[in-house]
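Peer 1: sequence and predicted structure below; questions after.
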Amino acid sequence: MKEQSRKNYSEGWEQQQPYIHWMTGVEGIGSRTIEKLIRHAGSPKAVYGMTESETAAIIPAGKAAALAEARRRGDVLEKYREMEERGIRFYSTYHPRYPDRLRNIPDSPYGIYVEGELPEEEVPSVAIIGARQCSAYGRFMAELCGRELAEAGIQVVSGMARGVDGISQRAALEAGGKTYAILGSGTDICYPLENRSIYRRAKENGAVISEYPPGTPPAPRLFPRRNRIISGLADLVLIIEARRKSGTVITADMALEQGKDVYVVPGRITDDLSQGCHQMLKQGAGLFTSVKDMLEETGLAAEAKRRTGQKGCPLEQYAEPAFQNKEDKTAKKVWDALDFYPKDIDCLMGETQMDYRELVHILSRFCLEEKAVRLTAGQFVKKI
């Protein structure tokens with residue numbers, strides 16, 4: 001019915017935009033309520049002209065009262081213009097530029113707020129999601145995948161959350177790619193604050209997107225619904241670390257419901273952060289082995305190549321530093337013992353059979369050369 005309503009009023013979408021914006025900004029008024037009102041009144045603008053009693057005859061009295069109160073707060077056209085002057089664009093389902101990817105998902109948002117540019121429809125998009133409290137290995141994989149996807153001309157979509165989401169988006173931006181941050185708040189609110197650099201740069205190289213109106217603060221109840229937009233805007237969803245019960249698993253379920261491919265990075269069977277991933281693999285998700293393989297298996301590599309005009313996707317697998325002379329043999333032993341999982345000095349001494357002073361000297365060298373990172377707990381990990 002929503003699609004039919006959109007077709008009926010497509011020619012007058014400019015006039016309908018402010019009134020859809022008004023309805024979507026009212027607490028408790030969702031897509032079903034909006035559609036019910038539009039079917040009855042004939043158009044969003046006509047809904048705005050209804051009295052409270054007329055509205056209450058169609059929807060619950062509480063919702064009718066909320067709409068009436070929102071109508072009394074001021075001129076809807078003036079508020080709409082003020083929003084646009086702040087650089088926030090609103091794309092309702094009536095708008096011809098409303099993303100086709102979102103039109104085709106269950107319970108698609110009636111409108112989205114955007115700061116930046118919408119994802120290009122014909123350019124492949126991949127959503128990277130995962131644990132907020134990710135491991136060193138999860139961080140490594142998020143950086144690697146974000147960078148390589150951007151280098152391949154793929155648009156990277158995520159939720160700008162702590163951990164995997166933000167790490168992958170930062171890596172995509174640093175590689176010169178585009179990223180799209182889907183928020184559980186208004187687009188004018190950066191959350192979490194630690195990712196403000198991603199928030200700022202995404203507006204310049206991609207966009208910040210939300211279905212919630214400006215001024216909406218982040219709240220736990222808002223994030224599950226925004227996840228359907230993350231998967232909805234992507235052609236494929238890549239999962240890097242997830243507990244068995246997590247928002248990441250919920251997003252993966254939404255992606256499958258939307259008919260999207262889901263790939264999972266495997267982990268150690270003893271790690272809690274791998275339990276959700278392995279459960280999804282058992283249920284038929286694709287096994288991630290490399291960005292190159294994933295793109296080729298899904299056909300996105302050919303599409304990216306066609307869109308970017310590249311002779312091939314410039315994907316590079318992680319390579320170890322060059323160890324060429326005899327003095328480097330000892331350093332290579334330390335390098336081979338290091339992992340993307342943290343290891344302390346005692347563990348490394350046992351694996352390398354080296355004395356403390358020599359081991360610390362080599363580890364300090366790796367850190368200065370940015371080949372390794374010393375964690376606050378005195379542990380060391382390889383760095384991408």
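Peer 2: Okay, I see it.

Peer 1: now do the strands in the stretch 151-300 of the chain.
Peer 2: Per DSSP state E, counting those that start in this stretch, the stretch 151-300 of the chain carries strands over the ranges 155-158, 179-182, 206-210, 236-240, 261-265, 286-287.

Peer 1: compare those strands and give me the one nearest Gln15.
Peer 2: Nearest to Gln15, of all the strands of the stretch 151-300 of the chain, is strand 206-210, at 23.6 Å by CB to CB. C-betas here are computed from N, CA, C, even on glycine.

Peer 1: contacts for the closest one?
Peer 2: Residues outside strand 206-210 that contact it (CB atoms under 8 Å, 6 or more residues apart in numbering): 112-119, 155, 160, 173, 178-187, 199, 202, 216, 226, 229, 233.

Peer 1: for it, what is the average pLDDT?
Peer 2: Mean per-residue pLDDT for strand 206-210: 98.

Peer 1: partner strands of that strand, parallel or antiparallel?
Peer 2: strand 111-116 (antiparallel), strand 179-182 (parallel) (DSSP bridges).

Peer 1: save those strands as JSON lines, and put in mean neighbour count too.
Peer 2: Below are the strands paired with strand 206-210 laid out as JSON lines (neighbours: other CB atoms under 10 Å):
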{"stretch": "strand 111-116", "mean neighbour count": "24"}
{"stretch": "strand 179-182", "mean neighbour count": "29"}
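
Peer 1: and Pro18, which of those is closest to it?
Peer 2: strand 111-116 (10.7 Å).

Peer 1: just the CA trace of that closest one, in PDB.
Peer 2: The C-alpha atoms that make up strand 111-116 are tabulated as PDB, following Å, rounded to 0.1, in the frame of the first residue of the first chain:
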ATOM      1  CA  GLY A 111      11.600   9.000   5.500                       C
ATOM      2  CA  ILE A 112      15.200   9.400   6.300                       C
ATOM      3  CA  TYR A 113      17.300  12.400   7.300                       C
ATOM      4  CA  VAL A 114      20.600  12.800   5.600                       C
ATOM      5  CA  GLU A 115      23.700  15.000   6.100                       C
ATOM      6  CA  GLY A 116      26.000  14.400   3.100                       C
END
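
Peer 1: show me what the helix or strand that that strand is followed by is packed up against.
Peer 2: Scanning forward in sequence from strand 111-116 by DSSP states H and E, the next helix or strand is strand 125-130. Counting contacts by 3 or more CB pairs under 8 Å, 6 or more residues apart in numbering; DSSP states H and E, strand 125-130 packs against helix 136-151, strand 155-158, helix 164-174, helix 223-232, strand 236-240, helix 247-257.

Peer 1: now those in TSV, with mean neighbour count, distance to Glu296 and mean pLDDT?
Peer 2: Shown next, in TSV, are the helices and strands packed on strand 125-130 (neighbours: other CB atoms under 10 Å; distance: least, CB to CB, whole Å; pLDDT from 0 to 100):
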stretch	mean neighbour count	distance to Glu296	mean pLDDT
helix 136-151	25	13	93
strand 155-158	28	18	98
helix 164-174	26	20	97
helix 223-232	22	22	94
strand 236-240	28	12	97
helix 247-257	21	20	92
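
Peer 1: export those to a markdown table and tack on distance to Pro266?
Peer 2: Below are those laid out as a markdown table (distance: least, CB to CB, whole Å):
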| stretch | distance to Pro266 |
| --- | --- |
| helix 136-151 | 10 |
| strand 155-158 | 20 |
| helix 164-174 | 15 |
| helix 223-232 | 20 |
| strand 236-240 | 10 |
| helix 247-257 | 14 |
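
Peer 1: of all these, which one is nearest Lys282?
Peer 2: The nearest among those, by CB to CB, is helix 247-257 at 12.5 Å.

Peer 1: by contact count, what packs against that closest one?
Peer 2: Counting by 3+ CB pairs under 8 Å, 6+ apart, helix 247-257 packs on strand 125-130, helix 223-232, strand 236-240, strand 261-265, helix 272-282.

Peer 1: so the spatially closest residue to Tyr94 that is not a sequence neighbour: helix, strand or coil?
Peer 2: Distances taken as CB to CB, 6 or more residues apart in numbering place Trp13 nearest to Tyr94, at 3.9 Å, with adjacent residues excluded. Assigned by DSSP: H, G, I helix; E, B strand; the rest coil, the conformation of Trp13 is helix.

Peer 1: tell me the predicted confidence for Tyr318.
Peer 2: Tyr318 is given a pLDDT of 57.

Peer 1: hmm, back to that, may I see the strands of the stretch 151-300 of the chain organised as a markdown table, with distance to Ala331 added?
Peer 2: Shown next, in a markdown table, are the strands of the stretch 151-300 of the chain (distance: least, CB to CB, whole Å):
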| stretch | distance to Ala331 |
| --- | --- |
| strand 155-158 | 34 |
| strand 179-182 | 36 |
| strand 206-210 | 40 |
| strand 236-240 | 29 |
| strand 261-265 | 29 |
| strand 286-287 | 33 |
